[in-house]
Structures are given as C-alpha cells and as structure tokens.
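Student: Structure for the following, please:
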Amino acid sequence: MAISMWVAIVYFLVTVILGVHMMLAGAFIPATAAMAACALCFLGAADFVGSFRARHATNHTAKNLAAAGVLASVLIASGVILTIASGLSLHLFGVAVGGAYWALSGVVAATVATREEHGIALDRFFAG
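Tutor: Predicted structure coming up:
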C-alpha cells in the first residue's frame with residue numbers, strides 16, 4: 001500500500017479515536033458533528049482532486065471542473081464551520097491543534113491520497 005493511502009488511514013484513525021474520546025467524555029452530539037465535519041472536508045477535497053486528476057480520461061470540461069470545485073468548496077466550508085461549532089480541539093505530541101486546522105488537514109490528506117483511478121471510478125459510478 002502506498003504511503004499516500006497511509007496518510008488517509010492515519011487521518012481517519014486519529015479522527016475516530018478523537019471522536020470516541022469525546023463521546024466517552026459525554027459529548028455525543030459534538031463528537032458526531034466533529035467526525036461528520038472531518039468526513040465532509042475529506043470527501044469534498046477528494047471529489048475535486050479526483051475529478052481534476054482524471055479530467056483527460058473522463059473528458060471533463062472546465063465547466064465540469066468548476067462545478068466540482070464549487071461543490072468541494074461548499075463541503076469544505078461546511079466541514080470547517082461544523083468543527084468550529086462543535087468545539088473540536090486535540091493535542092498531538094504536546095501541541096494544541098484547533099478543529100478548523102484538523103479539518104483542513106483532512107483536505108491535505110485527501111489531496112495526497114486521491115489518484116486518477118479514484119476520479120475515473122467516481123465518474124463511472126455517477127454515469128450509471
């Protein structure tokens with residue numbers, strides 16, 4: 001398995017562990033919101049990056065990519081706002097990381113992990 005996939009796996013693992021920790025502390029709704037927000041950011045970025053990298057193989061036009069970019073921007077903005085509203089914060093190796101920064105690190109993880117093949121598969125899925 002490529003290193004890029006490990007980045008995504010570690011991101012989701014830390015997010016789930018953080019969510020379970022928040023749930024055990026009694027904050028069920030904020031924990032669910034935080035995990036959903038991180039997933040929104042990851043999926044928004046993965047959708048756009050996959051579409052962008054597979055643009056030649058799937059014959060995407062600039063209009064298609066702009067639509068995917070708008071969708072990704074809405075998903076990422078929703079995720080960041082949701083992490084801020086949920087009060088998500090974590091401490092990694094003694095450094096405090098705010099929820100918005102953790103959500104944006106999901107965007108980076110999706111950018112690193114998404115390949116052209118993922119974009120082609122996504123296009124085939126939605127094409128029917």
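Student: what's the neighbour count on residue 10?
Tutor: Neighbour count of residue 10, defined by other Cβ atoms under 10 Å: 11. Glycine gets a C-beta too; all of them are placed from N, C-alpha and C.
Student: Need the pLDDT of the residue most central in space within the chain.
Tutor: Nearest to the mean C-alpha position of the chain, by Cα atoms, centre = their mean, lies residue 42 at 0.7 Å. pLDDT for residue 42: 90.
Student: Grab the nearest non-local neighbour of it.
Tutor: residue 106 (4.2 Å; Cβ to Cβ, 6 or more residues apart in numbering).
Student: Can you tell me the SS state at that neighbour?
Tutor: helix (DSSP: H, G, I helix; E, B strand; the rest coil).
Student: And for it, the neighbour number?
Tutor: 27.
Student: looking at it, it is touching residue 41, isn't it?
Tutor: Yes. Residue 106 lies in contact with residue 41 (Cβ atoms under 8 Å); the separation is 4.1 Å.
Student: Need the residues touching each of these two.
Tutor: Counting by Cβ atoms under 8 Å, 6 or more residues apart in numbering, the residues touching both residue 106 and residue 41 are residue 79.
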